[in-house]
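S.K.: Below is the sequence, then the predicted model.
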Amino acid sequence: MLAELTANAVADAEARRVDRPMAEVEAAALARPDALDALAALAPAAHVKVIAEIKRSSPSRGSLAAIDDPAALARTYELGGASAISVLTEGRKFGGSLADLESVRAAVSLPILRKDFIATAYQVFEARAAGADMVLLIVAALDDATLAELYGLITELGMTPLVETHSAEELDRAARIGAKLIGVNARDLTTFELDRDLFGRIVDRFPEGAIKVAESAVLSAADVAHYRAAGADAVLVGEALVTGDPISNLSAFLAV
Ligand SMILES: O=P(O)(O)OC[C@@H](O)[C@@H](O)c1c[nH]c2ccccc12
């Protein structure tokens, strides 16, 4: 499943590249104002930080919300106290696009994550050209050489990689490339199974000083409290915010 999602995302990017060659995207990326400092925005604090996600659907959960105006939802997230915004740009299974990210960029001043299945330099330049400040790198989808290469390119462009893991071994791989912002996804992207306790089981393997993000399966303040008690600096929340009332959910999550 993860391999297929990644192969399809790369194929879609290659199709876009026919109309918009690398040189053009690279120039657009370099013409953007500097990326925002996501490490500062998500730094450990006395309260948990929320990365609020814009996601229309997912392969595991099906259709979630229409989200006709992603910019308006992003503004709501910002007003509600989110520290960063995640925009799913994958089109086939998640219903997102780079245009969503661009419209969110124009609407908020929070750091924005391009959430997609990134495996090529072209996709990284696309992210920056659309205004992203962070790019997701899923360790399970990348070999060590590609992971290191994309990590380097993202940082060179002034952005912050969010390195996503789903096991102690993957956390070690993230540590080895010097990742400073690391997520543990409760959902296994190869089987879609959920394991809310994974974060707590492997939290000790986070490298010193890295920001700890718990991803997925936050439906209530109790889930946030569960991750916070296990040591999460931030939680990445999608479904609960796109299907419920974002303001009241955010305020409940931030009160943990
Ligand atoms: O909707 P949830 O359960 O709150 O999860 C959000 C986020 O963690 C999830 O969308 C996600 C985590 N890692 C991913 C990688 C690709 C696509 C999606 C994801």
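M.R.: Received, thanks. If you're wondering where the values come from, they're calculated on a predicted model, not measured in any experiment.
S.K.: count of residues packed around the closest residue to the ligand within the stretch 51-200 of the chain?
M.R.: When you check the stretch 51-200 of the chain against the ligand by Cβ to the nearest ligand atom, the closest residue turns out to be Asn185, at 4.5 Å. The way it works is simple: take the backbone N, C-alpha and C, and place the C-beta from them, glycine included. Other residues near Asn185 number 24, with proximity taken as other Cβ atoms under 10 Å.
S.K.: How about the backbone phi and psi for it?
M.R.: The phi/psi pair for Asn185 (degrees, to the nearest 10) reads phi -90, psi 120.
S.K.: give me every residue that touches it.
M.R.: Contact partners of Asn185, counting by Cβ atoms under 8 Å, 6 or more residues apart in numbering, are Glu164, Thr165, His166, Glu215, Ser216.
S.K.: What pLDDT is listed against it?
M.R.: Reported pLDDT at Asn185 in the predicted model: 98.
S.K.: beta partners for it?
M.R.: Glu215 (DSSP bridges).
S.K.: ok so, going back, could you pick out which of the contacts of Asn185 are near the ligand?
M.R.: Among the contacts of Asn185, the ones lying near the ligand by Cβ under 6 Å from any ligand atom are Glu164, Glu215, Ser216.
S.K.: mind checking how far the second one is from Glu239?
M.R.: What it means is Glu215. From Glu215 over to Glu239 the distance is 12 Å, taken as Cβ to Cβ, to the nearest Å.
S.K.: Between those two, tell me which one has more neighbours.
M.R.: For Glu215 and Glu239, the more surrounded residue by other Cβ under 10 Å is Glu215, and the numbers stand at 27 against 18.
S.K.: so that one makes contact with Val184?
M.R.: Yes - in this structure, Glu215 is within contact of Val184 by Cβ atoms under 8 Å, at 6.5 Å.
S.K.: Report the set of residues contacting both of the two.
M.R.: Common neighbours of Glu215 and Val184 (Cβ under 8 Å, 6+ apart) are Glu164.
S.K.: if we can go back for a sec, what's the most distant pair in the contacts of Asn185?
M.R.: Thr165 and Ser216 (12.2 Å; Cβ to Cβ).
S.K.: all strands for the stretch 1-150 of the chain, in order.
M.R.: For the stretch 1-150 of the chain, applying DSSP state E, counting those that start in this stretch gives strands covering 49-54, 57-58, 62-63, 84-88, 112-115, 134-138.
S.K.: And the contacts of the last one?
M.R.: Around strand 134-138, the neighbours that count as contacts under Cβ under 8 Å, 6+ apart are 2, 6, 38, 84, 111-118, 124, 127, 147, 150-151, 154, 159-164, 181, 189.
S.K.: follow-up on the earlier one: can I get the ones next to the ligand among the contacts of Asn185 in CSV with pLDDT?
M.R.: Listed next are the ones next to the ligand among the contacts of Asn185 as CSV, based on pLDDT from 0 to 100:
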residue, pLDDT
Glu164, 98
Glu215, 98
Ser216, 97
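S.K.: Around the ligand, pick out the residues from the stretch 51-200 of the chain.
M.R.: So the stretch 51-200 of the chain meets the ligand at Glu53, Lys55, Lys115, Glu164, Asn185 (Cβ under 6 Å from any ligand atom).
S.K.: can we see that at 8 Å?
M.R.: 53, 55, 58, 61, 64, 86, 88, 90, 94, 115-117, 136, 138, 164, 183, 185-187, 189 (Cβ under 8 Å from any ligand atom).
S.K.: Quick one: buried ones out of those?
M.R.: 53, 55, 58, 64, 86, 88, 90, 94, 115-117, 136, 138, 164, 183, 185-187, 189 (16 or more other Cβ atoms under 10 Å).
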